[in-house]
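Novice: Need a 3D model of the sequence below.
(one chain, ligands or ions: 1)
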Amino acid sequence: MKKMQRKVIRFLKQYRMDPADVDFAESVEAFLSEMQRGLAGRKSTLEMIPTYLTTENEVPIGKRVIVADAGGTNFRVATVYFDADKKPVIENLHVFTMPGVERQLSRVEFFNAMAEYFCSVADMSENIGFCFSYPVEIQPNKDGRMIRFSKEIKVTGVEGQLVGEHLNRALVAMGLPAGKHIVLLNDTVATLLAGVGYQNRVFDSFIGFILGTGTNCAYIEHNAEIKKKKGLDPRGTQIINTESGGMGRGYRGTLDVRFDKTTVNPGVNVFEKMISGAYLGPLCLFVLRQACRDGLFSKHAAAILNTLSDFDTKDMNMFLLYPYGGNPLAEACRQGGVEDILTAWYIADRLTERAAKLSAVNLAAMAVKSGRGIDPTRPICIVAEGTTFYKMKSLKSRIEYYLKQFLENKKGIFTDMAQVENATLIGAAIAGLTN
Ligand code: BGC
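Specialist: Modelled structure (predicted):
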């Protein structure tokens, strides 16, 4: 067993793809310096987008708001109001496919598709809280200018455009009630906002973390630190969407660099491509194929591995859970033998471990930069969302392990993880009702 593990580690290390190749403290430092540059408006792979949103919100009771959530896979619309106990009530929920997932769309097709999704709720409120899970430069009026698409979405001509304004125009074109006040916010920002009232506990600060199809973090920063924006109240704070999936300095393995070239948008969101759901499975297959070329698999298994296609993160997770059959990778390895199963399992497992370590690096940098959480009775609350985070075998527990090792044991910074049901819809509602 140990021998097999050593063989896999030797192979991964040859391409700098092993979790041990990630120097934790050094990677956190790289994040911190890139965050600082982004806040100062200097060249940085982290966008560090000011949101003009704070966590001090008095949510009105009984007022209905339209909410939408444009994610990497689904597009959801609903209405939300807060009842007398300040509990969110979600109604009229409809789930659609995110435009641009299935086929390439033009700008007009993209906004028309979204406007159509609003049909059933368009007359229910003047306000829309719109959780838009892509890099968008938020304007002081809370509309947002599209920076780029991520997560393999295929839409052209939207870059540089105001999302809310185009949506209003498309609503008019469809004869739907338009002129909406649209508040755009990132899913990490919505998740952070949803966590603020969590369990009536006292927290020193909040981080919104998504590890699903894509990945990203939002945290709370002092306005005085946001050097690139003039005219902010220097005594205030606001939520920053860091777009941490874009982190492009510091650690990357040789096969990460090669794999990136096979994606829809090479060179973009390269950190995300090492850890998130849209990429982890395909990256694992990419690494397995290299292992075949390097002679780690039997001829029989290698032949089948080379014909595998459409291998996604779900398949990778199924293999980690059920390595003896019932999923494509297990069946491929079964043609070989026990050694093939173990080799593939160690590769998939160590790539998962690496994703956990890198996710923890990301979170640790947010916590350190916030300057909070030194009193254990008032930890920083990390509100976490995403199927990859919750479903991938052993991922969450390993992230917590690395966070404890570094933040708690070395830095004396305390964090707690929280999950809030329907966080993105609730956060979008809070933003839509209070802005
Ligand atoms: C996007 C972010 C988003 C994250 C999680 C990334 O691909 O760029 O805006 O927050 O995915 O959904």
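
Novice: if I look at whichever residue of the stretch 1-150 of the chain sits closest to the ligand, how far off is Lys86?
Specialist: Closest contact between the stretch 1-150 of the chain and the ligand, by C-beta to the nearest ligand atom, is at Ser150 (3.3 Å). C-beta here means a position set from N, CA and C on the backbone, and glycine is covered the same way. Look at Ser150 and Lys86: by C-beta to C-beta, to the nearest Å, they are 34 Å apart.

Novice: for the nearest residue to Ala25 once chain neighbours are set aside, what are its contacts?
Specialist: Spatial nearest neighbour of Ala25, chain neighbours left out: Phe406 (7.3 Å); criterion: C-beta to C-beta, 6 or more residues apart in numbering. Contacts for Phe406 (C-beta atoms under 8 Å, 6 or more residues apart in numbering) come out as 24-25, 28, 360, 364.

Novice: Mind doing that once more with 10 Å?
Specialist: With contact set as C-beta atoms under 10 Å, 6 or more residues apart in numbering, Phe406 has these partners: 24-25, 28, 357, 360-361, 363-364, 367-368, 413.

Novice: Check which helix or strand the closest residue in space to the residue of the stretch 1-150 of the chain closest to the ligand that isn't next to it in sequence maps to.
Specialist: Nearest residue to Ser150, sequence neighbours excluded (C-beta to C-beta, 6+ apart): Asn269, at 4.9 Å. Per DSSP states H and E, Asn269 falls between elements, in no helix or strand.

Novice: Pick out the residue of the stretch 151-300 of the chain closest to the ligand.
Specialist: The ligand sits closest to Gly214 of the stretch 151-300 of the chain, with a gap of 2.3 Å, by C-beta to the nearest ligand atom.

Novice: Neighbour count: Ser150 and Lys86, which is higher?
Specialist: Counted by other C-beta atoms under 10 Å, Ser150 and Lys86 do not tie: Ser150 has more neighbours, with 25 against 9.

Novice: Confirm that the more buried one sits in a strand.
Specialist: No. Under DSSP: H, G, I helix; E, B strand; the rest coil, Ser150 falls outside any strand and is assigned coil.

Novice: now it: how far from Met247?
Specialist: Distance of Ser150 to Met247, computed by C-beta to C-beta: 13 Å.

Novice: Please identify every residue contacting each of the two.
Specialist: Going by C-beta under 10 Å, 6+ apart, residues that sit against Ser150 and also against Met247 are 215, 269, 272.

Novice: residues from the stretch 101-250 of the chain in reach of the ligand?
Specialist: 133-135, 150-151, 186-188, 210, 212, 214-216, 243, 245 (C-beta under 6 Å from any ligand atom).

Novice: do that again at 5 Å, thanks
Specialist: 133-135, 150-151, 186-188, 210, 214, 216, 245 (C-beta under 5 Å from any ligand atom).

Novice: close to the ligand, is the longest helix belonging to the chain?
Specialist: Criterion DSSP state H: the longest helix present in the chain is helix 338-370. No. If you take C-beta under 5 Å from any ligand atom as the test, helix 338-370 misses the ligand, and the best it gets is 11.7 Å.

Novice: Could you list the buried residues of that helix?
Specialist: Within helix 338-370, the residues scored as buried using 16 or more other C-beta atoms under 10 Å are 339-370.

Novice: Kindly report the same for stretch 169-178.
Specialist: Buried, per 16+ other C-beta under 10 Å, within stretch 169-178: 169-171, 176, 178.

Novice: mind listing the strands for this structure?
Specialist: For the chain, applying DSSP state E gives strands covering 49-50, 65-70, 74-82, 88-97, 127-132, 136-138, 144-146, 181-185, 205-211, 215-222, 237-241, 380-385, 415-418.

Novice: May I see those organised as a markdown table, with mean pLDDT, mean neighbour count and distance to Gly160 added?
Specialist: Formatted as a markdown table, the strands of the chain follow (pLDDT from 0 to 100; neighbours: other C-beta atoms under 10 Å; distance: least, C-beta to C-beta, whole Å):
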| stretch | mean pLDDT | mean neighbour count | distance to Gly160 |
| --- | --- | --- | --- |
| strand 49-50 | 97 | 20 | 15 |
| strand 65-70 | 97 | 27 | 18 |
| strand 74-82 | 97 | 20 | 22 |
| strand 88-97 | 97 | 14 | 25 |
| strand 127-132 | 97 | 27 | 15 |
| strand 136-138 | 96 | 21 | 9 |
| strand 144-146 | 97 | 22 | 6 |
| strand 181-185 | 97 | 27 | 15 |
| strand 205-211 | 98 | 28 | 24 |
| strand 215-222 | 98 | 26 | 21 |
| strand 237-241 | 97 | 25 | 18 |
| strand 380-385 | 98 | 25 | 28 |
| strand 415-418 | 97 | 19 | 36 |
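
Novice: and of those, who's closest to Lys3?
Specialist: strand 205-211 (32.8 Å; C-beta to C-beta).

Novice: partner strands of the closest one, parallel or antiparallel?
Specialist: strand 215-222 (antiparallel), strand 380-385 (parallel) (DSSP bridges).

Novice: With distance to Leu305 as extra columns, can I get the ones you listed in CSV?
Specialist: What follows is the strands paired with strand 205-211, written out as CSV (distance: least, C-beta to C-beta, whole Å):
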stretch, distance to Leu305
strand 215-222, 27
strand 380-385, 33
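
Novice: contacting residues around the closest residue to Ser133 other than its chain neighbours?
Specialist: Nearest non-adjacent residue to Ser133, counting by C-beta to C-beta, 6+ apart: Asp187, 4.1 Å away. Counting by C-beta under 10 Å, 6+ apart, Asp187 makes contact with 69-72, 131-134, 208, 210, 212, 214, 216, 218, 241, 385-386, 423-424, 427-428.

Novice: okay, the residues of the stretch 101-250 of the chain next to the ligand in CSV with distance to Ser276 next?
Specialist: Formatted as CSV, the entries for these read as follows, by distance: C-beta to C-beta, whole Å:
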residue, distance to Ser276
Ser133, 12
Tyr134, 13
Pro135, 14
Ser150, 9
Lys151, 8
Asn186, 15
Asp187, 13
Thr188, 13
Ile210, 9
Gly214, 5
Asn216, 9
Gly245, 7
